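Engineer: what follows is a predicted structure for the sequence shown.
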Amino acid sequence: MEIKDTKLNYVLNVVARWAVGLVFLFSSFVKGVDPMGTTYKVQEYMMAWEVFGMSFEWALPLAGVLSVALVCAEFLVGVMLVTNSFRVLSAWALVLMMLFFTGTTLVDAITNKVSDCGCFGDAVKLTNWQTFWKNVALDVPTVWIFLTRRLRYRPRFERDWIILLAGLALMLVFCIYNIKHEPVIDFRPWKVGNRMIVERESMNHMTFRNLATGEEVTVDYPNGGWDQVPAEYKDFDRWEVVSSTSDEPFEVLADGFSMMDLEGEDHAADLLPAEEGMVVVTVHTLSKVKPAGVEEVKRALAQAEENGTKIVMLTSALPEEVQAWLYENQISGLDYLFADATAIKAMLRGNPGFLFVKDGTVVAKTRKAEDLEN
């Protein structure tokens, strides 16, 4: 299809390139700021997807490399579109990427095998259908960019190569830095300064059974509000109490987060609001803690004991694995609780990581125990 070389068509090409390019730059930045989170999302796809009955779990060790490659590819396409560099190459790369993204998100929307594609990292959360229609909207300018890829294009290879290589180097350094440290911009719930606990009215829930009919009725009333329970249920010649439970006075503002003990009791709402503060050592994969990480855990434990600060390790490992690990590394006096690995990774990417919470607010998070002193 031949597109006429008119001023309007060229202006539309510029507008389309900038619109799509800026979306790609934003998408690559918010994923590049947290390459570990992008890696976890790639792994999720590998475990959820199958093609002709073949899974991709064999490629899990490559997830880190693939995530950085994806971020760099998105960033470079965005840079080329905005700077009008390698316009033919960028148009082809854009079409192929959008075909892949649109097809993938359509399957996601239909099957819901992966609940969130992670297109914009943790910065912007979209449903699968929202993500698919977002890609469909981007497909329109993508087609125009492809059809007008040669319109008024004068290759400047030396300039274009400088832009391409500089962009690649910039994003690679950015990704590597964020892999070795916590993300420079934290889009996750456990961001420093965020209050993770909200107070709520504590309600009691009491279930009564009618002794004559067997009918069961649950009555909800606030603490200290026994007088609000209807008088008929207080007639214990007709009704008996079957069960009684109470809500925690605090709610944790992180989906799926818990701090479970060996008996299965959740202590999150008890520990996080502590006014004196608490150090949480996060270990999402106990078997992958390196010797340097073990030393950091010991340093954090020593600092906590010296300062009289409560410290607890939060891990997804099995109880016997935790006990064996503590024994093998000669660590004693460290209490431990359990949480889902995904919830732990949402707190800190480091393995181990160290988080200081005071009065329900995240005060500090780091991969170095000594940083907690500051």
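Structural biologist: Noted; the coordinates are in hand.
Engineer: C-alpha only now, for contacts and for neighbours.
Structural biologist: OK.
Engineer: helix, strand or coil for the closest residue to T105 other than its chain neighbours?
Structural biologist: Distance criterion C-alpha to C-alpha, 6 or more residues apart in numbering; nearest residue to T105, sequence neighbours excluded, is F132 at 5.1 Å. The three-state label given to F132 by DSSP: H, G, I helix; E, B strand; the rest coil is helix.
Engineer: pLDDT score assigned to F132?
Structural biologist: Looking at F132, its pLDDT is 93.
Engineer: and it, how far from V198?
Structural biologist: For F132, the distance to V198 equals 34 Å [C-alpha to C-alpha, to the nearest Å].
Engineer: who has more neighbours out of these two?
Structural biologist: F132 (22 against 13; other C-alpha atoms under 10 Å).
Engineer: now for N204: which residues touch it?
Structural biologist: D220, Y221, P222, N223, S244, T245, S246, D247 (C-alpha atoms under 8 Å, 6 or more residues apart in numbering).
Engineer: okay, those in TSV with distance to W161 and neighbour count next?
Structural biologist: Output for these, formatted as TSV (distance: C-alpha to C-alpha, whole Å; neighbours: other C-alpha atoms under 10 Å):
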residue	distance to W161	neighbour count
D220	69	17
Y221	70	16
P222	68	16
N223	69	14
S244	71	13
T245	67	11
S246	65	14
D247	62	14
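Engineer: would you map the strands across the stretch 251-374 of the chain?
Structural biologist: 278-283, 310-315, 335-338, 353-358, 361-366 (DSSP state E, counting those that start in this stretch).
Engineer: show me what the fourth one is packed up against.
Structural biologist: This means strand 353-358. Using 3 or more C-alpha pairs under 8 Å, 6 or more residues apart in numbering; DSSP states H and E as the contact test, the elements touching strand 353-358 are strand 278-283, strand 361-366.
Engineer: alpha carbons of that strand, as PDB, please.
Structural biologist: The C-alpha trace of strand 353-358 is given here as PDB (Å, rounded to 0.1, in the frame of the first residue of the first chain):
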ATOM      1  CA  GLY A 353      16.300  -8.200  52.900                       C
ATOM      2  CA  PHE A 354      15.800  -6.100  56.000                       C
ATOM      3  CA  LEU A 355      12.800  -4.000  56.800                       C
ATOM      4  CA  PHE A 356      12.200  -1.800  59.800                       C
ATOM      5  CA  VAL A 357       8.600  -1.100  60.700                       C
ATOM      6  CA  LYS A 358       7.500   1.200  63.500                       C
END
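Engineer: that one pairs with which strands, and in what direction?
Structural biologist: Counting by DSSP bridges, the strands paired with strand 353-358 are strand 278-283 (antiparallel), strand 361-366 (antiparallel).
Engineer: out of those, indicate the one that is most buried.
Structural biologist: A comparison of the strands paired with strand 353-358 by mean neighbour count, using mean count of other C-alpha atoms under 10 Å, puts strand 278-283 on top with a mean of 26.
Engineer: just give me the neighbour total for the closest residue to G32 other than its chain neighbours.
Structural biologist: Spatially, and ignoring its direct neighbours in sequence, G32 is nearest to C175 (5.3 Å; C-alpha to C-alpha, 6+ apart). Residues lying near C175 (other C-alpha under 10 Å) number 24.
Engineer: residue contacts, C175?
Structural biologist: If you count contacts by C-alpha under 8 Å, 6+ apart, C175 has them with G32, V33, D34, P35, V68.
Engineer: state the distance from the spatially most distant residue from the centre of the chain to R195.
Structural biologist: Outermost residue of the chain with respect to the C-alpha centroid, by C-alpha atoms, centre = their mean, is D237; its distance is 53.9 Å. Noted for D237: a distance of 47 Å to R195, by C-alpha to C-alpha.
Engineer: cool, and L151?
Structural biologist: Distance from L151 to R195, counting by C-alpha to C-alpha: 53 Å.
Engineer: neighbours of the nearest residue to F257 once chain neighbours are set aside, how many?
Structural biologist: Closest residue to F257 in three dimensions, ignoring its sequence neighbours and counting by C-alpha to C-alpha, 6+ apart: A343, at 5.7 Å. Using other C-alpha under 10 Å, A343 has 17 other residues around it.
Engineer: same question, the one 10 residues further on
Structural biologist: Neighbours of G353 under the rule other C-alpha under 10 Å: 26.
Engineer: pLDDT value on it, please?
Structural biologist: 93.
Engineer: mind putting the strands paired with strand 353-358 into a markdown table with distance to M347 and mean pLDDT?
Structural biologist: A markdown table is the format used below for those (distance: least, C-alpha to C-alpha, whole Å; pLDDT from 0 to 100):
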| stretch | distance to M347 | mean pLDDT |
| --- | --- | --- |
| strand 278-283 | 8 | 94 |
| strand 361-366 | 9 | 92 |
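Engineer: JSON lines for the ones you listed, including distance to L318?
Structural biologist: Listed next are these as JSON lines, based on distance: least, C-alpha to C-alpha, whole Å:
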{"stretch": "strand 278-283", "distance to L318": "12"}
{"stretch": "strand 361-366", "distance to L318": "25"}
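Engineer: any low-confidence regions in this structure?
Structural biologist: 1-2, 201, 248-249, 374 (pLDDT under 70).
Engineer: ok, the residue nearest to F257 - contacts?
Structural biologist: By C-alpha under 8 Å, 6+ apart, the neighbours of A343 are D255, G256, F257.
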